[in-house]
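S.K.: Here's my sequence, what's the structure:
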Amino acid sequence: MPRSMTGFGQADAHGYHVEIKGVNHRYKDIRVKLPRDLSALEIPLRDMVSEAVQRGKVDVTITRNATFDSQERMSINWDLARIYHEELSRMSTAFGGEVTFRDVIFIPGVMSEGMNREDDQMPLVQHALTEALETFSRAKLNEGERLKSDIQDRVVNLLNMSKTMKALATDMTKVYRDRLHANLNALFSENVSVIDEVRLEQEVALLADKCDITEELVRLESHILSLEDAMNKLTGPIGRHSDFILQEISREINTIGSKSQITALSRTVIDAKTEIEKIREQVQNIE
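M.R.: As a prediction, this is how the structure comes out:
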């Protein structure tokens, strides 16, 4: 099942709020923002996200929810505060001035947001992140389903175009023969009898063989069906695989266009190129 790289997920659990935003990217790029006192958890949390994401740029923001019932209160290191107060009081006696509690609370380490160890917080943050990842994954699946539907419609269009090309290609030899006859008749208008019909047929056969697109049409249809199968794949990432198939489809279409001597066929090639570009835009959003 195709999953989009674009999505949003969030969760509130155990006093933490988690937001996950994903956008399309050629590679996997995961960034995690945490409260400063939990910075040591960044790597294991990023590994959690990496296991759930195959490709794309993902930004994860984790903050404390101050309104949650279990949110920790502000903690004061009283022993450290007394030591600093005593030292500041000695300085005020020596140099003048007055020491208040405001002078102490802004000293680093005196007041902090909770004193729980990071190891104690890890299970709580992991639980909140897991919930956010579930909503993030659902959003990506929903968007992927929309992309799949659009791509499948365009794949049907490409298959119909390949059939049109095949039908037009059957007239290629007749077009060459008629065009060559017309040119020779114009050249030898006064003496048409000098035209060697055997040689003419040989030239037509050589030209037809040189511009034959049968192999390209067979490969084109095979690649289009492979793209259709990729869209119906139930597991695993398909974005890069689909992009490679599109490259092969484009190569066959370009070759057919370069060999085309029929206006209708050339127009169909242009329409096919337009459809391929639209599919490529959608595939670039698939994980």
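S.K.: how about the strands in the stretch 101-250 of the chain?
M.R.: 111-113 (DSSP state E, counting those that start in this stretch).
S.K.: So which residues of it form helices?
M.R.: 101-105, 118-169, 172-187, 197-210, 214-231, 239-259 (DSSP state H, counting those that start in this stretch).
S.K.: Quick check: which of these is nearest to D37?
M.R.: Closest to D37 of these, according to CB to CB: helix 118-169, at 7.5 Å. From N, CA and C alone the C-beta is placed, and that goes for glycine too.
S.K.: pLDDT on that closest one, on average?
M.R.: For helix 118-169, the mean pLDDT works out to 92.
S.K.: any idea of the angle that helix forms with helix 214-231?
M.R.: 150 degrees (axes from the mean of the first three to the mean of the last three CA atoms, to 10 degrees).
S.K.: Helix 118-169 packs against which elements?
M.R.: Counting contacts by 3 or more CB pairs under 8 Å, 6 or more residues apart in numbering; DSSP states H and E, helix 118-169 is packed against strand 7-13, strand 16-23, helix 42-52, strand 56-64, helix 214-231, helix 263-283.
S.K.: ok, back up a step: I'd like the helices of the stretch 101-250 of the chain as JSON lines, with distance to E277 and mean neighbour count appended.
M.R.: JSON lines is the format used below for the helices of the stretch 101-250 of the chain (distance: least, CB to CB, whole Å; neighbours: other CB atoms under 10 Å):
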{"stretch": "helix 101-105", "distance to E277": "62", "mean neighbour count": "13"}
{"stretch": "helix 118-169", "distance to E277": "10", "mean neighbour count": "17"}
{"stretch": "helix 172-187", "distance to E277": "26", "mean neighbour count": "14"}
{"stretch": "helix 197-210", "distance to E277": "29", "mean neighbour count": "12"}
{"stretch": "helix 214-231", "distance to E277": "14", "mean neighbour count": "17"}
{"stretch": "helix 239-259", "distance to E277": "9", "mean neighbour count": "18"}
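S.K.: Is it possible to get JSON lines of those that adds distance to N77?
M.R.: Below are the helices of the stretch 101-250 of the chain laid out as JSON lines (distance: least, CB to CB, whole Å):
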{"stretch": "helix 101-105", "distance to N77": "10"}
{"stretch": "helix 118-169", "distance to N77": "17"}
{"stretch": "helix 172-187", "distance to N77": "87"}
{"stretch": "helix 197-210", "distance to N77": "87"}
{"stretch": "helix 214-231", "distance to N77": "59"}
{"stretch": "helix 239-259", "distance to N77": "51"}
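S.K.: so which of those helices gets nearest D47?
M.R.: Closest among the helices of the stretch 101-250 of the chain, once you apply CB to CB, is helix 118-169, at 10.8 Å.
S.K.: Just want the angle from that closest one to strand 16-23.
M.R.: Going by the same axes, to 10 degrees, helix 118-169 is angled at 20 degrees with respect to strand 16-23.
S.K.: Use 753 as the first number for this chain going forward.
M.R.: Done: numbering now begins at 753, and the last item shifts to helix 870-921.
S.K.: how far is helix 870-921 from where the chain is centred?
M.R.: With CA atoms, centre = their mean, to the nearest Å as the basis, helix 870-921 stands 9 Å off its chain's centre.
S.K.: burial count for the residue lying closest to F888 once chain neighbours are set aside?
M.R.: Of all residues not flanking F888 in the chain, G761 sits nearest, at 2.8 Å (CB to CB, 6 or more residues apart in numbering). Counted with other CB atoms under 10 Å, residues neighbouring G761 total 22.
S.K.: Hmm, A891 and G761 touching each other?
M.R.: Yes: under the criterion of CB atoms under 8 Å, G761 makes contact with A891 at 6.0 Å.
S.K.: just to revisit the earlier point, tell me which of the helices and strands packed on helix 870-921 sits nearest to R906.
M.R.: Across the helices and strands packed on helix 870-921, closest to R906 is helix 1015-1035 (CB to CB), at 5.0 Å.
S.K.: Name the residues of the closest one that are buried.
M.R.: L1017, T1020, V1021, A1024, E1027, I1028, I1031, R1032, Q1034, V1035 (16 or more other CB atoms under 10 Å).
S.K.: which one of these sits closest to A804?
M.R.: When the buried residues of helix 1015-1035 are compared for distance to A804 (CB to CB), V1035 wins out at 21.2 Å.
S.K.: Not counting sequence-adjacent ones, nearest residue to that closest one?
M.R.: Closest to V1035 by CB to CB, 6+ apart is S994, at 4.7 Å.
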